[in-house]
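Novice: Just a sequence and a predicted model for now, questions to come.
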Amino acid sequence: MDSGLCHPINLETHFPRLLKSRRTEALSLRDHLMEGPKTKGEDGEVEPSPYDGIQKNAVLHEAKCFNDKMISARTCSEVLTKIMYLIIQGEEFSSSEISKVFFSVTKLFNSRDVHLRRMVYLSLKNLPADPEEAMMVVNCLAKDMTGKTDLYRANAIRVLAKILHPSMIGSFERFMKQAIIDKDPYVVSAALLAGNHMLKSGADSIKRWSSEVQEALNNPSPMVQLHALLLLFKLKQYDPLAISKLASNLARAPPKGPLAQVLLIRCIASVIRRQQTPDRELFKFLQDLLHDKSFTVMYEAARTICSLPNINRTQVISAIGVLQEFLSSPVPAQRFAAVRTLSKVVLRFPIAVAPCSVDLEHLINDTNRNVATIAITTLLRTGVEQNVDRLMKSISGFMSDTSDEFKVVLVDAIKSLCLKFKHRHKTLLSFLSASLREEGGKEYKRAIMNAILEIIEQIPEAKETGLEQFCEFIEDCEFPKLSMKILDLLGSEGPKTKQPGKYIRFIFNRVILETASVRSAAVTALARFGAYVPELSRPVRVLLSRCASDDDDEVRDRAVLFLHLLTDGKKAAEFFKSEAPANPRTLVTSLEAYLKTSTDIPFDLSKHLVEVKEEVKEEKTDQKGDGKVQSRAAPTPSVPTVTVADEYKALLAKHVYKEHVVLQFNVTNNMEDQLLENISVEIESDDPDWAEEKVIAEDTISYNSSGVCYVCISRPIDGFKKENFNSGQIASTLKFFVKDVENGQVQGVATEDEYQLEDLEVVESDFMQAVTSVRTMDFKRQWESLGSAQAVKKFKLPEVDDLQSAVDGVMNVLGMGACETMNEVPENARSHGVFMAGKFLTGGRALPVLCKAGFMLDQKHGVTLKVAIRCPDNNVANLLASSVR
């Protein structure tokens, strides 16, 4: 926003003779500088730029006119324009040339020509002059900044902010504050942008401008409001409490400009994202902006509400209604923005987006193919089965006009739909197969291939259809890596089909027609058929014998090896079934241990293999409860927030093992003038069973960066009755040493400090892995298979007056996942039922757990809840039922 001057220069009025002689009277200065050496005329033909082909030396020679006693404003402006053109085009100037031009330009301050003076300001901003030399012009700029001409004042402030050293800003602070409260909006805007620029260079004195910047928010100019709000947020960006207070105050008396309101919406969104539940006042403000006169403000409010992580379906309905109105807008940009946002919302709230289906269907025939593609993708994700066939016909009509980026999104939506309605796999696989044979880039073809792979893995009856489609694809595939992956799949899955012989022809064609890498993969695939299907052993050997004379060494070696193995069918089968002597992790650990020894004995797997023990653990995220039972080497999960002082931020993750729980604290330093060293977390539990065993500290954490501290605590496990699943409250303290930082340099001696963190607790839901892939029919079958023993409890929730909040709360407490979309409560429902599934970690095992929860809403008494839980171990069922409290 501060890259240009306050008023544009019109070359048509300033250089009429020059532009007429060059046939470019319609070009502005921006066209000359930014469009490059060529530009199109009105007839569409490319015309040369008036500055095309100018030489640096010639321009520098012309710059001597700056030193003339009688300054020609027109000539000097033309030369300055050429210099700026060369700089923007990347022409390199030596330091001596820059210095000479810079000091020559400063002499032009004597001219009173307005257009020339503006060119001087622009040149001084963009000339890469030495900082010490640039200080020579400060007096001239200071004179203009305190003058009476507003145009000079605004531009002088911007140039001054660019060249002024941070240590000298204090001497101009009074003038800057006066400019911020000036009556002219251009002067105020220039001062605010200057403060924003100087703040980036580390000028702490800018922080004392808060009251003046706050006053500038009341300026009637929308531009000033935007720049004032931007600077105010940057002044307080490292103080979350101040940002929250500012957002609350502005929500009561918001700025009038639409751009300032958009910036305010984004600030409020950052505040709400740090809260467990949205602040009612701030959220109501966002909802009120849904009815603003400006499309920009309405859309930003709707988009923000839909993207908040801590809202439910009921709260997002009003925003979806606004986006639905934009779907029928005559403006293409509004339609695209609305449908793009809905395509993201449908992933979280498909039922809430379902009412938009009629409007989305109208967009299928939109002239903008990207809008049409996203509309169909959104419709597919709403999961309405009866629309599948019709949508597939609509999609096939415009796939060729859509970019690969949107095609990949569409393929992902089709895959999800196929996995949801498995009996529709033939229709959807046919569409994917047809798309696979059409033109497209590598990433698009890879997305289709991965989608088909996932479908045939999840739907066994679709396997042969998918393999046949892959066979047709590799006939014309232009990407060797994709062909190799498909050949490997055919070699491993083809022999298991009812008619494995039908794949041999497609594989051998690759031996004849493809590159060496693909031929090698084809030879291996053929050998697999010969090893696993005895009837095909002889014809495969015949085909492999032809490969033994291939031009490539790798192909020949593989063919000879497999010919030898296929002479004995058992030997070949054992070869392909054989596994590596050790898994990669164990092998790497063993090699590292071997290298640390000083023995001269060669490495031997039978002697030097180190056993690496792996424990089953569950990783849990408090946001969705979708942890995974994984090995000890599994990646770190998402983490819930631990409240701490504004200067520091800590995030907590719990890693649950068989006999231990590891607490991972991700600590962020928000203090610009501090360096933290030897950071650790100390815990204290009232329960002696939960004892601290090991603490791993972080060495250093600099400003705006994060470090990780670990605390390992033990828990008793000696049979279920003695296994402890609830730690009670655990006090935690962040301890560290602090060093001061000035101008990027560490100063002084470290001093010890500590901060009290919020108490934490390990609860039963931390041992639960949510399962969301169980369908309703499968759930009922599994429920009956677990027998009749179950734990049943009934609860009154008088403080909860919303069914959706009750459902979310119970799922969070149990840590279980809902079947299909049962976690979404229909609008205006008075009762609701949810089937939940999960796996509970106990004794090193993951036991399946199923739960039926019924909710009934009464306006007087709140929500009544009844849960029934079944598990192979009835003790687990009783434990989980008791955990709902």
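Specialist: The structure has been received and is ready for your questions. Residues are numbered from 1 along each chain as shown.
Novice: Was I right to think D150 contacts Y186?
Specialist: Yes: counting by CB atoms under 8 Å, Y186 is a contact partner of D150 at 6.3 Å. Yep, even glycine has a C-beta here, placed from its N, CA and C like the rest.
Novice: If you count surrounding residues, which of these two has more?
Specialist: Remark: of D150 and Y186, Y186 carries more neighbours, 20 against 16, as counted by other CB atoms under 10 Å.
Novice: per-residue confidence averaged over the helix or strand encompassing that one?
Specialist: Taking DSSP states H and E as the definition, one finds Y186 inside helix 185-200. Helix 185-200 comes out with an average pLDDT of 84.
Novice: elements contacting it?
Specialist: Packing partners of helix 185-200 (3 or more CB pairs under 8 Å, 6 or more residues apart in numbering; DSSP states H and E): helix 150-163, helix 173-180, helix 210-216, helix 222-235.
Novice: Out of these, flag the one nearest K658.
Specialist: helix 222-235 (47.9 Å; CB to CB).
Novice: That closest one to helix 173-180, inter-axis angle?
Specialist: Here the directions of helix 222-235 and helix 173-180 differ by 140 degrees (axes from the mean of the first three to the mean of the last three CA atoms, to 10 degrees).
Novice: Now helix 222-235: buried residues?
Specialist: Neighbour-count burial for helix 222-235, with 16 or more other CB atoms under 10 Å as criterion, is recorded at 222-235.
Novice: Export those to a markdown table and append columns for distance to M136 and pLDDT.
Specialist: Supplementary listing: the buried residues of helix 222-235 in a markdown table, determined by distance: CB to CB, whole Å; pLDDT from 0 to 100:
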| residue | distance to M136 | pLDDT |
| --- | --- | --- |
| P222 | 37 | 88 |
| M223 | 32 | 90 |
| V224 | 32 | 90 |
| Q225 | 36 | 89 |
| L226 | 34 | 90 |
| H227 | 29 | 90 |
| A228 | 32 | 89 |
| L229 | 35 | 89 |
| L230 | 31 | 89 |
| L231 | 29 | 88 |
| L232 | 34 | 87 |
| F233 | 35 | 87 |
| K234 | 30 | 85 |
| L235 | 31 | 84 |
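Novice: ok, which pair from the residues you listed is furthest apart?
Specialist: Spatially, the most separated pair among the buried residues of helix 222-235 is P222 and L235, at 20.6 Å (CB to CB).
Novice: can you confirm E758 is in a strand?
Specialist: No: assessed with DSSP: H, G, I helix; E, B strand; the rest coil, E758 is coil; it does not lie in a strand.
Novice: Number of residues surrounding it?
Specialist: Neighbour count for E758, taken as other CB under 10 Å: 12.
Novice: And it, how close does it get to E764?
Specialist: 20 Å (CB to CB, to the nearest Å).
Novice: again with P500
Specialist: From P500 to E764 the distance is 50 Å (CB to CB).
Novice: V763: what's its closest spatial neighbour, skipping adjacent residues?
Specialist: N726 (5.6 Å; CB to CB, 6 or more residues apart in numbering).
Novice: swap that for D552, please
Specialist: A516 (3.9 Å).
Novice: for P220, same thing?
Specialist: In space, and not counting its chain neighbours, P220 is closest to K256: 7.5 Å by CB to CB, 6+ apart.
Novice: Give me the contacts around the helix or strand encompassing I98.
Specialist: Here I98, judged by DSSP H and E, is contained in helix 95-106. With contact meaning CB atoms under 8 Å, 6 or more residues apart in numbering, helix 95-106 is reached by 60, 63-64, 66-67, 80, 83, 93, 120, 123-124, 127-130, 133-134, 136-137, 140.
Novice: Report the mean per-residue pLDDT for the next helix or strand after that helix.
Specialist: Going down the chain from helix 95-106, the next helix or strand is helix 114-126, by DSSP H and E. Mean pLDDT, computed over helix 114-126, is 84.
Novice: Counting neighbours, show which residues of helix 114-126 come out buried.
Specialist: H115, L116, R117, R118, M119, V120, Y121, L122, S123, L124, K125, N126.
Novice: Show me what that helix is packed up against.
Specialist: By 3+ CB pairs under 8 Å, 6+ apart, helix 114-126 packs against helix 73-88, helix 95-106, helix 150-163.
Novice: If you count neighbours, what's buried in the longest one?
Specialist: Think helix 73-88. For helix 73-88, by 16+ other CB under 10 Å, it's 73, 76-87.
Novice: Put the alpha carbons of stretch 150-157 into PDB.
Specialist: The C-alpha trace of stretch 150-157 is given here as PDB (Å, rounded to 0.1, in the frame of the first residue of the first chain):
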ATOM      1  CA  ASP A 150       0.000  18.600   1.800                       C
ATOM      2  CA  LEU A 151       1.200  16.800  -1.300                       C
ATOM      3  CA  TYR A 152       4.900  17.500  -0.300                       C
ATOM      4  CA  ARG A 153       4.200  16.600   3.300                       C
ATOM      5  CA  ALA A 154       2.700  13.200   2.500                       C
ATOM      6  CA  ASN A 155       5.400  12.100   0.100                       C
ATOM      7  CA  ALA A 156       8.200  13.500   2.300                       C
ATOM      8  CA  ILE A 157       6.900  11.400   5.200                       C
END
